[in-house]
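Q: fold the stuff below for me.
(2 chains)
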There are 2 protein chains.
Amino acid sequence: MSRRQFLQRTAASGAAALATGAALAQTAAPAVTSGPQIRWRMTSSFPKSLDALFGAGELIARRVAAATGGRFEIRTFAPGELVPALQVVDAVQNDTVEMGYTAGYYYVGKDPSFAFDTALPFGLNTRQMNAWMMHGGGDKLMGDFFRQYNIKAIPAGNTGAQMGGWYRKEFNTVADLKGLKFRIAGFAGQVLSRLGAVPQQIPASDIYPSLEKGTIDAAEWVGPYDDEKLGLAKVAKYYYYPAFWEGNAQLSLYINMKQWESLPSEYQNVLEMACAEALVWSTARYDALNPPALKRLLANGAVLRPFPRVVMEAAYKEAQALYAETAAKNEGFHKIYESWNKFRLDEVQWFRVAENSYDNFMASIK
Amino acid sequence: MSRRQFLQRTAASGAAALATGAALAQTAAPAVTSGPQIRWRMTSSFPKSLDALFGAGELIARRVAAATGGRFEIRTFAPGELVPALQVVDAVQNDTVEMGYTAGYYYVGKDPSFAFDTALPFGLNTRQMNAWMMHGGGDKLMGDFFRQYNIKAIPAGNTGAQMGGWYRKEFNTVADLKGLKFRIAGFAGQVLSRLGAVPQQIPASDIYPSLEKGTIDAAEWVGPYDDEKLGLAKVAKYYYYPAFWEGNAQLSLYINMKQWESLPSEYQNVLEMACAEALVWSTARYDALNPPALKRLLANGAVLRPFPRVVMEAAYKEAQALYAETAAKNEGFHKIYESWNKFRLDEVQWFRVAENSYDNFMASIK
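A: Numbers count the residues shown, from 1 in each chain, chains lettered A, B, ... in the order given. The predicted structure follows:
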């Protein structure tokens, strides 16, 4: 909508407001037309073709404009247009761009605590993550962490539990992982490395050619809807589940802290709400679009396989050891981990009662 | 925050905005201070003590005020202050109040299709409901339905899968349900009635006295956090799970359509975002607060019991028969049911792959 179209629309709705009388318009003022004009740029770690992830950023931009009468404008940019895919933290921290849509766990090389903003192996599921962030103390802990990077981080997306990725060959034991060159992001790579795999961090756009050329043997991305677009089934047909390293994967909007603090409080409130909407919208989008995508993938030759339990158990054990080692070396990680892990244990106990028993009944009934 | 405090704050943030330079303030206008002043009332079906449900309405009111510089004010009211708990649809339809926070399935006496706005027995889980509403066609179908009632309905809360309620006695078979006077809302009562129970629709505040006096034998409300507040464990100690009639329970904000259409589009956008935030916030709140509440209930003598599978299977069969009968009599229900049921079947197939396998592994590992 152009500014002119917008003004026409608000003038029309202003007139409608006056017509209804009673509850409205104690002052007969027109709709919102004042407030500072702001133009920001949002870089993304995700290509435009991934419409749930790049699209969540676009939704935020659309809503913010619509709620402020076009006064707070955000333009969205794909990786490489302004900033490379995996350099969003630096770009936001240095105010190269005002904001970026990304996944914290891409930056565990800077500090392992970034992983808590996305996912850790055998961690929270999607609803548990929202609960920890909104009502379990996660918001405060992560806010303190991000302040060190001059960043205001707002949760703004979640993929749900992911798939375990595409493999050229089937496997059954931990020994079968030995030497496996595997595209996998963040902390999870370290767990798989302890089991003999060779993790690689590669942005979405480079996964297909790497698999095709044989530079890697396997790759995980998100789930059926996105994986289908990346074409991964064509180069590696075994599709394992679940991604034990991503029981959820939260995406966040990172905002330069000085820029954030400079916003009028109305704009801050609008932006926070837009992110909350993007959070639930993106999960809903994956949940709606994954089922038909999985059907198409299977119809075209993909072969579904559950992760062997022995592999998951070995990975679980290595993950716990890795967390203990990391916590011993990094006080910040230790502090967040204690809150997160206690919360996780309580949640698992509760979810098995109402949620899981309901889902399992629904999965079992004909 | 008073209007004066608000003006002071926005003046301060306006000054901060100017100080940062580049990205900001192409016009040096102050923060938002124009736009029509609107005062609306929101009635609720839920008492103030239920802070996730009544609280979701309060959150919406707070955010709307903060995002519009206090120009769009919403005052929240408990049941009985303006409108009785279970008469929100009439009150909004007739413009007695501009908006009400309630659960659609309280109104299945008017039309069974109201149930699709909350939950049907053996229906969608929480994420599946969000997916159907946001990306699966539910929004359009329900919008068409609510237009007949002069209502704009916006999803604005979800409890997650609920507990199956509190019973004075244990039970093991369908025959044990015969004559059971059971407080249960909406469509679910009809399913249980077909199994011999005697359903009763009673607002939250009357459940405890009814159980205490023995007017009813059992009652379901939501889950540990709310049930603990209502004190149900003191009068009926067996706590069954899951509520097979509420794999999710969506709450919605109902807005008089003429009032909705009279709003400036900025306010409409703000209100829609506030509802989306309340949707994810309320589920997160239950997910965070149910685990410790369940521990306390069990420590104080509540006895946890899974619903016998024979009872759930019999109820599932009756539910399918009831849906077929209702669809045969009601074309509107039939149309929504077809979309909803196809979506449900696809979702169940997909959720068992990544989500359920992840959750079940986490529940099983020590």
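Q: isn't residue A:167 right up against residue A:241?
A: No: counting by C-beta atoms under 8 Å, residue A:241 is not a contact partner of residue A:167; they are 11.7 Å apart. To be clear about C-beta, it is placed using only N, CA and C from the backbone, and glycine gets the same treatment.
Q: the nearest residue to residue A:305 once chain neighbours are set aside: what's it in contact with?
A: Leaving aside its chain neighbours, residue A:305 sits nearest to residue A:240 (5.1 Å; criterion: C-beta to C-beta, 6 or more residues apart in numbering or on different chains). Shown in contact with residue A:240 (C-beta atoms under 8 Å, 6 or more residues apart in numbering or on different chains): A:163, A:164, A:165, A:167, A:305, A:306, A:307.
Q: ok, residue A:240 to residue B:117 distance?
A: 38 Å (C-beta to C-beta, to the nearest Å).
Q: same check on residue A:82?
A: Taking C-beta to C-beta, one finds residue A:82 at 43 Å from residue B:117.
Q: who's more crowded, the two?
A: Regarding residue A:82 and residue B:117, a neighbour count based on other C-beta atoms under 10 Å in any protein chain shown identifies residue B:117 as having more, with 24 against 16.
Q: which residue ranges of the stretch 251-366 of chain A form helices?
A: A:257-262, A:265-299, A:309-329, A:331-351, A:355-364 (DSSP state H, counting those that start in this stretch).
Q: neighbours around residue A:327, how many?
A: 18.
Q: residue A:115 touches residue A:105, doesn't it?
A: Yes: assessed by C-beta under 8 Å, residue A:115 is found in contact with residue A:105 at 4.6 Å.
Q: higher neighbour count, the two?
A: For residue A:115 versus residue A:105, neighbours defined as other C-beta under 10 Å are more numerous around residue A:115 (28 against 24).
Q: ok, that one - contacts?
A: Counting by C-beta under 8 Å, 6+ apart, residue A:115 has contacts A:104, A:105, A:108, A:186, A:187.
Q: the residue nearest to residue A:292 when sequence neighbours are not counted: how many residues sit nearby?
A: Once flanking residues are discounted, residue A:292 sits nearest to residue B:346: 7.0 Å by C-beta to C-beta, 6+ apart. By the measure other C-beta under 10 Å, the count of residues near residue B:346 is 18.
Q: coming back round to it: list residues touching both of residue A:115 and residue A:105?
A: A:186, A:187.
Q: quick check: end-to-end length of stretch A:346-360?
A: 20 Å (C-alpha to C-alpha, to the nearest Å).
Q: buried ones in it, by neighbour count?
A: A:346-348, A:350-360 (16 or more other C-beta atoms under 10 Å in any protein chain shown).
Q: in a helix, the residue nearest to residue A:305, correct?
A: No: under DSSP: H, G, I helix; E, B strand; the rest coil, residue A:240 falls outside any helix and is assigned strand.
Q: separation between it and residue B:194?
A: 43 Å.
Q: stretch A:185-197: how far from the chain's middle?
A: In terms of C-alpha atoms, centre = their mean, to the nearest Å, the centre of stretch A:185-197 is found 20 Å from the chain centre.
Q: mean confidence for that stretch?
A: The pLDDT scores in stretch A:185-197 average 91.
Q: pLDDT-wise, which helix or strand of chain A ranks last?
A: Using mean pLDDT, DSSP states H and E, helix A:3-20 stands out as the lowest-scoring helix or strand of chain A, at a mean of 36.
Q: moving C-terminal of that helix, what's the next helix or strand?
A: Remark: after helix A:3-20, the chain's next helix or strand is strand A:38-44, criterion DSSP states H and E.
Q: check whether the helix or strand just after that next one contacts chain B.
A: Helices and strands here follow DSSP H and E; after strand A:38-44, the next one along the chain is helix A:53-67. Yes: using C-beta under 8 Å from any C-beta of the partner chain, helix A:53-67 reaches chain B at A:63, A:66, A:67.
Q: please verify my assumption that the second one contacts residue B:269.
A: Going back to what we said before, that points to residue A:66. Yes: between residue A:66 and residue B:269 a contact is recorded at 4.3 Å, counting by C-beta under 8 Å.
Q: ok, the residue nearest to the spatial centre of chain A - contacts?
A: Closest residue to the average C-alpha location of chain A: residue A:251 at 2.4 Å, with C-alpha atoms, centre = their mean. For residue A:251, the contact set (C-beta under 8 Å, 6+ apart) comprises A:53, A:56, A:101, A:102, A:103, A:118, A:155, A:156, A:157, A:158, A:159, A:282.
Q: among those, name the ones in strands.
A: A:101, A:102, A:155, A:156, A:157, A:158 (DSSP state E).
Q: all strands in the stretch 101-250 of chain A, in order from the N-terminus.
A: Taking DSSP state E, counting those that start in this stretch as the criterion, the stretch 101-250 of chain A contains strands spanning A:151-158, A:165-167, A:181-183, A:198-200, A:218-219, A:238-241, A:250-256.
Q: check the gap between the closest residue to residue A:86 other than its chain neighbours and chain B for me.
A: Nearest residue to residue A:86 in three dimensions, chain neighbours excluded: residue A:106, at 5.0 Å (C-beta to C-beta, 6+ apart). Distance, residue A:106 to chain B, by C-beta to the nearest C-beta, to the nearest Å: 21 Å.
Q: hang on, residue A:106 packs against residue A:187?
A: No: judged on C-beta under 8 Å, residue A:106 makes no contact with residue A:187 at a distance of 10.7 Å.
Q: more neighbours: these two, which one.
A: More neighbours surround residue A:187 than the other of residue A:106 and residue A:187, with 24 against 21 (other C-beta under 10 Å).
Q: and the more buried one, what does it touch?
A: A:105, A:108, A:112, A:115, A:120, A:121, A:245, A:322.
Q: what number of residues lie near the second one?
A: To tie it back to what came earlier, the one meant is residue A:108. Neighbour number of residue A:108 under other C-beta under 10 Å is 23.
Q: state the distance from it to chain B.
A: On the measure of C-beta to the nearest C-beta, residue A:108 and chain B end up 21 Å apart.
Q: one more: the fifth one?
A: Using C-beta to the nearest C-beta, one obtains 12 Å as the distance from residue A:120 to chain B.
Q: how many other residues sit next to that residue?
A: 26.
Q: skipping adjacent residues, who's closest to it in space?
A: Residue A:120 sits nearest to residue A:187 (C-beta to C-beta, 6+ apart), 5.5 Å away.
Q: distance check, that neighbour against residue A:119.
A: Taking C-beta to C-beta, one finds residue A:187 at 8 Å from residue A:119.
Q: before we move on, what about residue A:306?
A: From residue A:306 to residue A:119 the distance is 20 Å (C-beta to C-beta).
Q: which one's more surrounded, these two?
A: Legend: neighbour count by other C-beta under 10 Å for residue A:306 and residue A:119, higher for residue A:119 (30 against 13).
Q: isn't the more buried one right up against residue A:242?
A: No: here residue A:119 does not reach residue A:242: they are 11.9 Å apart, not a contact under C-beta under 8 Å.
Q: mind checking the SS state of residue A:69?
A: coil.
Q: tell me the domain boundaries of chain A?
A: A:21-161+A:248-289, A:165-246+A:291-330 (automatic domain parsing).
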